[in-house]
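[1] when you get a sec, could you give me coordinates for this:
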Amino acid sequence: MNEQKPRPVGPDKQKILHERAGALARAPVQEKADEATLELVEFQLAAERYGIESVFVREVYPLKQLTLVPCTPPFVRGLINVRGQIVTVVDLKRFFDLPQQGLSDLNRVLILNAPGMALGLLADAIIGVRQVPAAGLQPTLSTLTDARASYLRGITADRLVVLDAARLLADPKIVVQEEVEN
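    Numbering: from 1, shown residues only. Below you'll find the predicted structure:
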C-alpha cells in the first residue's frame, strides 16, 4: 500500500517553510578553511609530471633561439633573451639524470624569480595550473638518493612531484661562476 504523510497546513506549513529558508540562506560551512593550499604550475619532464609553486614563476616563455654557452656544466642548456633580459636556462632532466630527448616546439621555459636573479627551467610541456592541499603532500621517497631528493618538497597522491623552488634557487650548484683561463 502506498501511505502518504499528511501535509502540514496553516501555521505548521509556515514554520517548516521558514526553517527551510533559514537553512538555505546560511553561508556554506567551509570544513577545511584552515588548510593551506599550494598553487602549482604543472609541467612535464621526460615521462614524469612536476609542479613548482606559482609564486616563484614569473612567466612561461616559449623556447626560441637558445644560445649555447661553452665551459658550463651539462645541465646549463644555454641563454635566452626575454625582452632584453638574459636568462640562463637549466635543463632539469640533465640535472636530475632523467632520460633525454631532443628539443621541440613544445618546449617551454619557466622563468623563476628570486631576489637579484632570474632562472629558466626547461620543460617538455606545460600541463597547467592547479591547487594542491599542502597537508596532502607525502614526504619524498626514502629510496630516492640522487640529486632530485634534495630539491623535492613532496609528492601528491596522484604522483605529481612538487619541487622546492626556494631551495633550487638558493643552491650554489645551480649558479655558475666559473672563469676560463686563457
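
[2] against Leu92, how distant is Leu168?
    Distance, Leu168 to Leu92, by Cβ to Cβ, to the nearest Å: 9 Å. Placement of C-beta: from N, CA and C, glycine included.

[3] no no, Ala123
    8 Å.

[4] same check on Arg26?
    For Arg26, the distance to Leu92 (Cβ to Cβ) stands at 48 Å.

[5] which of these two has more neighbours?
    Taking other Cβ atoms under 10 Å, Arg26 and Leu92 do not tie; Leu92 has more neighbours (23 against 7).

[6] any residues in contact with both of Ala123 and Leu92?
    Leu45, Tyr50 (Cβ atoms under 8 Å, 6 or more residues apart in numbering).

[7] what about Pro115, distance to Ile52?
    As for Pro115, its distance to Ile52 is 17 Å (criterion: Cβ to Cβ).

[8] can you mark which positions in the helix or strand hosting Arg77 are buried?
    Secondary structure assigned from DSSP states H and E places Arg77 in strand 76-82. Across strand 76-82, burial judged by 16 or more other Cβ atoms under 10 Å covers Val76, Arg77, Gly78, Leu79, Ile80, Val82.

[9] what ranges do the strands span in the protein?
    In the chain, the strands defined using DSSP state E lie at 37-45, 48-53, 57-62, 76-82, 85-91, 108-114, 117-123, 125-133, 152-155, 161-163.

[10] switch these over to a markdown table; also include distance to Pro172.
    Converted to a markdown table, the strands of the chain look like this (distance: least, Cβ to Cβ, whole Å):
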| stretch | distance to Pro172 |
| --- | --- |
| strand 37-45 | 22 |
| strand 48-53 | 20 |
| strand 57-62 | 22 |
| strand 76-82 | 14 |
| strand 85-91 | 14 |
| strand 108-114 | 13 |
| strand 117-123 | 12 |
| strand 125-133 | 28 |
| strand 152-155 | 19 |
| strand 161-163 | 17 |
